[in-house]
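*Asks:* Please work out how this folds:
(one chain, ligands or ions: 1)
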Amino acid sequence: MAEKTLVIPTMITVGELADALRIPATNLVGELFKNGIAATINQRIDFETAQIIVGELGLDVQLEQQEATQEAVPRGGSAERSKSAKASYRPPIVAVMGHVDHGKTSLLDAILDTKVATAEAGGITQHISAYQTTYNNRSITLLDTPGHEAFSALRQHGAALTDVVIIVVAADDGVKPQTVEAIKFAQAANAKIVVAITKIDKPTADTNRVKAQLASEHHLNPEEWGGDTVMVEVSAKTRQNLDKLLEMVLLVADLEELKAEAEGNAEGLVIESHMEQGRGPVVSVLVEQGVLKTGQYLIAGRAYGKVRTLSDYAGRPLSVAGPSTPATLTGFKSIPKFGDRFSVVASEKIARQQAAALIASEGRGAVSGTVTGSELLHIISKKRSSKTLNVIVKADVQGSLTSVSDSLRLLDNEEVNVRVVGSGIGNVNESDISSAAASQAIIYGFNVGLPTAVKSLAARQRVSVRLYKVIYELLDDVKTVLEELLEPEIVEKDLGALTVKGVFRMTKNEIICGGEVTTGKIIPGALVRVKRAKDVIGEAEVASLQREKQEAKEVFEGEMCGLSLKLTRRLVIQEGDKLEFFTRELVKRQL
Ligand SMILES: Nc1nc2c(ncn2[C@@H]2O[C@H](COP(=O)(O)OP(=O)(O)OP(=O)(O)O)[C@@H](O)[C@H]2O)c(=O)[nH]1
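*Replies:* Have a look, this model is predicted:
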């Protein structure tokens, strides 16, 4: 049969490829996963990957690469597009974090008040957590980070979302627990740090104490002390040094060569969504690549729609939204989830199909994400009846840690699931061993080491530490452990059948009868299903077999034989009954 040829773009989402191949997207996700690629339906894969996967699926389809056109699916995921020749400088995305009451909101307000036309600012009706300001004609995107949970959800979705983190520390209060968390977050997210020491107008302000704390306890040395951390002393109240803070943020960001494609279809993240009467789902997104326009079809997780209205963070209408722009849009048919990636697709039909495919794959636990209340209840009840494998994951860098953790989640199903009880960057250490011992977890290390002292501690505590350098080998190992947790499957294999020609002896425990093998073969030890007409009337086991009055090891189709059946329940057999022989085995299941 001639192969079918499909023309696909240089980059294609998993959902679109499945669509083109007319196979369920879940099959494709599964096949990718087998190849060590933990992809979601919205994820883009390149032409080569598509070719390999299609080859492995054994489909009669030949893929042909299409020349990229303006209308084609956007080329490249965020990372590729940031490096493409079309990429140009984009505004930095800056998160503002700090300890409660240290003045984060006041600082943001002060920055936005100075820079945003007050008339429009007054018109803000809804709260969104991303803003934009300008300094020296350059834009800066500011993210208000309401809680760490929300932020780690964003981080989980793999986005190197934040370029710079402004750590806000009150000059009169110094470094506090959430300050430390913010520093850790920034470091883990590989973001640049700018410290804003605020409330310097207060008489009790002690900026030197703050700097000393940061330098001695957190290795953040201020530039004026010979270090390389930018620290700006500010006051939201008197607006002192706000400009300097923005100038420093831009300076630090400039060291990073932040680029994105300012053309082509947009992709990015959903940062907020809610339902509004009269407007329907109102969704705030942060564009990472390309331009978002009204009239385009979007998909974000299981939600899809057509961009009806587009506005900036302050509610002012926008005709297009480019890279790093926070935008609010209406036109979704349902509410996408916080942290979902959005992308532009060619038609409503594709959007609908992708969303449907995602829902189907989520049904088998293939895709993770933030969850709604009812989903959470479902997960909780599911987890109660399922078996859990606790793991601690250590990796060399945040990116691989996120990939490993995300991929592990894809292994969950109705019966077994992986719970990451701890994770971190760097070599396996003593505290990992004690947490693993306490939670009976296996430690998986990806590209990290196991110092000798820690190794002997692990042996003493009977903690299993498994180190890998290849992600799918690590995942295969976890899969094998999970498979051990699965209840074995009962598999019945048919052997043959016999028609009863005579019954010679019938007791409570034994029947001796004879007949002709009509199909297949019979062996001692086989199980027997006794059928009269169409009904199964009982089950027994072949105790022994005789052919021509001789003990036989097997009897084949067309041969006559006598057999002794062992009964566990009373059974009456008569001439004309059909005996069906089979074996029943417990088979280890695979994920
Ligand atoms: N004197 C002075 N007071 C400030 C300054 N910035 C904030 N404050 C005060 O500090 C208190 C806390 O400020 P917020 O901006 O609400 O602090 P926050 O960090 O956003 O607090 P959460 O949103 O609860 O985390 C308020 O009473 C502010 O008026 C400043 O620069 N100078």
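*Asks:* what's the neighbour count on the residue in the stretch 451-591 of the chain that the ligand sits nearest to?
*Replies:* Distance from the ligand to each residue of the stretch 451-591 of the chain (C-beta to the nearest ligand atom) is smallest for residue 471, at 37.8 Å. All C-beta spots, glycine's among them, are computed from the backbone N, C-alpha and C. By the criterion of other C-beta atoms under 10 Å, residue 471 has 18 neighbours.
*Asks:* May I have the phi/psi pair for it?
*Replies:* With angles defined as degrees, to the nearest 10, residue 471 shows backbone torsions of phi -60, psi -40.
*Asks:* Name the helix or strand for residue 414, please.
*Replies:* For residue 414, there is no host helix or strand (DSSP states H and E).
*Asks:* With residue 570 as the reference, measure out to it.
*Replies:* Residue 414 sits 38 Å away from residue 570, going by C-beta to C-beta, to the nearest Å.
*Asks:* Likewise for residue 19?
*Replies:* Residue 19 sits at a distance of 58 Å from residue 570 (criterion: C-beta to C-beta).
*Asks:* try residue 181
*Replies:* Taking C-beta to C-beta as the criterion, residue 181 is separated from residue 570 by 71 Å.
*Asks:* The two: which has the busier surroundings?
*Replies:* Taking residue 181 and residue 570 together and counting by other C-beta under 10 Å, residue 181 has the greater number of neighbours (15 against 10).
*Asks:* On the three-state scheme, the more buried one is what?
*Replies:* Three states are possible here, and by DSSP: H, G, I helix; E, B strand; the rest coil the one that applies to residue 181 is helix.
*Asks:* In terms of pLDDT, where does it sit?
*Replies:* pLDDT for residue 181: 79.
*Asks:* what's in contact with stretch 173-189?
*Replies:* 95, 97-100, 102, 148, 151, 155, 160-162, 165, 167, 169, 192-193, 206, 209-210, 213-214, 217-218, 220, 398, 425 (C-beta atoms under 8 Å, 6 or more residues apart in numbering).
*Asks:* buried ones in it?
*Replies:* Neighbour-count burial for stretch 173-189, with 16 or more other C-beta atoms under 10 Å as criterion, is recorded at 173-176, 178-179, 182-183, 185-189.
*Asks:* Give me the distance between residue 332 and residue 441.
*Replies:* In this structure, residue 332 and residue 441 are separated by 40 Å, where distance is defined by C-beta to C-beta.
*Asks:* The ligand contacts on the protein?
*Replies:* Taking C-beta under 6 Å from any ligand atom as the measure of proximity, the chain contacts the ligand at 98, 100-106, 198-199, 201-202, 235-237.
*Asks:* Of the residues you listed, which is the most crowded?
*Replies:* With neighbours defined as other C-beta under 10 Å, the most crowded of the residues of the chain next to the ligand is residue 198; it has 33 neighbours.
*Asks:* For it, which residues are in contact?
*Replies:* With contact taken as C-beta under 8 Å, 6+ apart, residue 198 is in contact with 102, 103, 106, 107, 168, 169, 170, 171, 234, 235, 236.
*Asks:* quick one: which of these sit in strands?
*Replies:* The subset of those located in strands under the criterion DSSP state E comprises 168, 169, 170.
*Asks:* what are the bridge partners for the second one, then?
*Replies:* Okay, so that is residue 169. Beta-bridge pairing of residue 169, defined through DSSP bridges, involves residue 197.
*Asks:* shouldn't it be in contact with residue 193?
*Replies:* No: distance between residue 169 and residue 193: 11.3 Å, which falls outside the contact criterion (C-beta atoms under 8 Å).
*Asks:* higher neighbour count, these two?
*Replies:* Under the criterion of other C-beta under 10 Å, the comparison of residue 169 against residue 193 puts residue 169 first, with 27 against 21.
*Asks:* show me what contacts the more buried one?
*Replies:* Taking C-beta under 8 Å, 6+ apart as the criterion, residue 169 is in contact with 98, 99, 102, 175, 179, 195, 196, 197, 198, 210, 214.
*Asks:* From those residues, pick the one nearest residue 274.
*Replies:* Looking at those and their distance to residue 274, the nearest is residue 98, at 25.6 Å (C-beta to C-beta).
*Asks:* quick one: the closest one from residue 251, how far?
*Replies:* Summarising the geometry, the distance separating residue 98 from residue 251, computed by C-beta to C-beta, is 21 Å.
*Asks:* Residue 332 now?
*Replies:* Plainly put, residue 332 is 38 Å away from residue 251 if you go by C-beta to C-beta.
*Asks:* Going by the annotation, which residue ranges form each domain of the protein?
*Replies:* Domain ranges of the chain: 4-65, 91-257, 262-365, 373-485, 489-587, per the TED database.
*Asks:* Just the mean pLDDT for the first one, thanks.
*Replies:* The pLDDT scores in domain 4-65 average 76.
*Asks:* Between the two ends of it, what distance do you get?
*Replies:* Taking C-alpha to C-alpha, to the nearest Å, domain 4-65 runs 14 Å from one end to the other.
*Asks:* Ok, the last one next?
*Replies:* End-to-end distance of domain 489-587: 5 Å, with C-alpha to C-alpha as the criterion.
*Asks:* Centre of the chain to it, how far?
*Replies:* Mean C-alpha position of domain 489-587 versus that of the full chain (C-alpha atoms, centre = their mean, to the nearest Å) differs by 52 Å.
*Asks:* Could you do the longest one as well?
*Replies:* Mean C-alpha position of domain 91-257 versus that of the full chain (C-alpha atoms, centre = their mean) differs by 29 Å.
*Asks:* what's the span of it from first residue to last?
*Replies:* With C-alpha to C-alpha as the measure, the ends of domain 91-257 fall 10 Å from one another.
*Asks:* Ok, stretch 86-100 next?
*Replies:* The straight-line separation of the ends of stretch 86-100 (C-alpha to C-alpha) is 42 Å.
*Asks:* Stretch 515-535 too?
*Replies:* With C-alpha to C-alpha as the measure, the ends of stretch 515-535 fall 19 Å from one another.
*Asks:* where exactly do the helices run in the stretch 51-200 of the chain?
*Replies:* Counting by DSSP state H, counting those that start in this stretch, the segments of the stretch 51-200 of the chain that form helices are 78-83, 104-115, 118-121, 148-156, 177-188.
*Asks:* Compare the ones you listed and say which comes out lowest on pLDDT.
*Replies:* helix 118-121 (a mean of 34).
*Asks:* and residue 279, how many neighbours does it have?
*Replies:* The burial count for residue 279: 13, using other C-beta under 10 Å.
*Asks:* what's near enough to touch it?
*Replies:* Contact analysis of residue 279 by C-beta under 8 Å, 6+ apart lists residue 330.
*Asks:* State the distance from it to the ligand.
*Replies:* The span separating residue 279 from the ligand equals 27 Å under the rule C-beta to the nearest ligand atom, to the nearest Å.
*Asks:* same for whichever strand in the chain runs longest, what does it pack against?
*Replies:* Taking residue count as the measure and DSSP E as the definition, the longest strand of the chain comes out as strand 489-506. Helices and strands touching strand 489-506, by 3 or more C-beta pairs under 8 Å, 6 or more residues apart in numbering; DSSP states H and E, are strand 510-522, strand 560-566, strand 578-587.
*Asks:* That's all I had, so thanks and see you.
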